[in-house]
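# Pasting the sequence and the predicted model now:
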Amino acid sequence: MTADSLRPMTEADLEQVLYWRNHPRVRRFMYTTHEIALEEHSKWFSSATCNPAVDLMIYELHGQARGFVNITRTRCPEVADWGFYLAPDAPKGTGRSLGMQALTYAFEELGLHKLCGQALGFNERSIAFHKALGFTEEGCLRDQHFDGHEFHDVVCFGLLEHEWQTKD
């Protein structure tokens with residue numbers, strides 16, 4: 001058994017993932033920044049788990065849940081978008097290992113050709129994270145997102161399977 005792994009999210013994870021998602025350090029970087037209630041979260045989970053194009057995963061480090069990853073194939077089966085966040089108390093370095101596990105899952109288990117990501121323009125950590133994992137910055141959607149107060153750029157990233165295979 002490895003020290004870290006991904007497993008499918010279950011209903012038993014709902015409250016923990018909701019806590020992470022609603023934490024101010026996570027929520028401020030999301031497209032929707034309102035505090036999500038358990039009922040709304042449960043509806044989202046029920047809908048997502050019925051969709052075979054959506055994978056909701058829990059990242060575990062030494063058997064403890066430390067993060068959430070979703071991979072959604074809406075364009076075609078070989079191209080997906082991902083999203084992720086860590087437990088607010090995750091140890092330093094957890095993000096990189098979560099990212100590596102998610103990329104392995106995306107390309108080896110799902111057989112993706114391309115994985116796409118987006119980050120709000122002010123989320124410098126996410127932008128640096130994508131670049132550190134080998135993603136290519138493919139563009140910037142200027143003033144694409146309105147958070148209720150101001151517009152923000154959205155930075156788009158892509159990683160092709162062959163680029164991932166040749167990294168390191």
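Cool, the structure landed. All of these numbers come straight from a predicted model, not from anything done at the bench.
# can you tell me which strand in the protein is longest?
Determined from DSSP state E, the single longest strand within the chain is strand 64-76.
# tell me the average confidence for the helix or strand following that strand?
Toward the C-terminus, strand 64-76 is succeeded by strand 79-86 as the next helix or strand (DSSP states H and E). Strand 79-86 comes out with an average pLDDT of 97.
# Give the pairing partners of strand 79-86; include direction for each.
strand 64-76 (antiparallel), strand 114-120 (parallel) (DSSP bridges).
# how about residue 91, secondary structure?
coil (DSSP: H, G, I helix; E, B strand; the rest coil).
# contacting residues for the nearest residue to residue 38 once chain neighbours are set aside?
Sequence neighbours aside, residue 18 is the residue nearest to residue 38 in space, at 6.2 Å (criterion: Cβ to Cβ, 6 or more residues apart in numbering). (C-beta placed from N, C-alpha, C; glycine too.) The contact partners of residue 18, taken as Cβ atoms under 8 Å, 6 or more residues apart in numbering, are 36, 38, 41.
# Residue 11 contacts residue 38, doesn't it?
No - in this structure residue 11 lies outside contact range of residue 38 using Cβ atoms under 8 Å: 11.6 Å.
# returning to that earlier point: list the buried residues of whatever helix or strand the residue nearest to residue 38 lives in.
Here residue 18 sits within helix 14-22, counting by DSSP H and E. Within helix 14-22, the residues that count as buried by 16 or more other Cβ atoms under 10 Å are 14, 17-18, 20-22.
# Those into a markdown table, with extra columns for pLDDT and distance to residue 76?
Listed next are the buried residues of helix 14-22 as a markdown table, based on pLDDT from 0 to 100; distance: Cβ to Cβ, whole Å:
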| residue | pLDDT | distance to residue 76 |
| --- | --- | --- |
| 14 | 97 | 30 |
| 17 | 97 | 27 |
| 18 | 97 | 31 |
| 20 | 96 | 30 |
| 21 | 95 | 28 |
| 22 | 95 | 33 |
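# So which of these is the closest to residue 81?
Nearest to residue 81, judged by Cβ to Cβ, of those is residue 21 at 17.1 Å.
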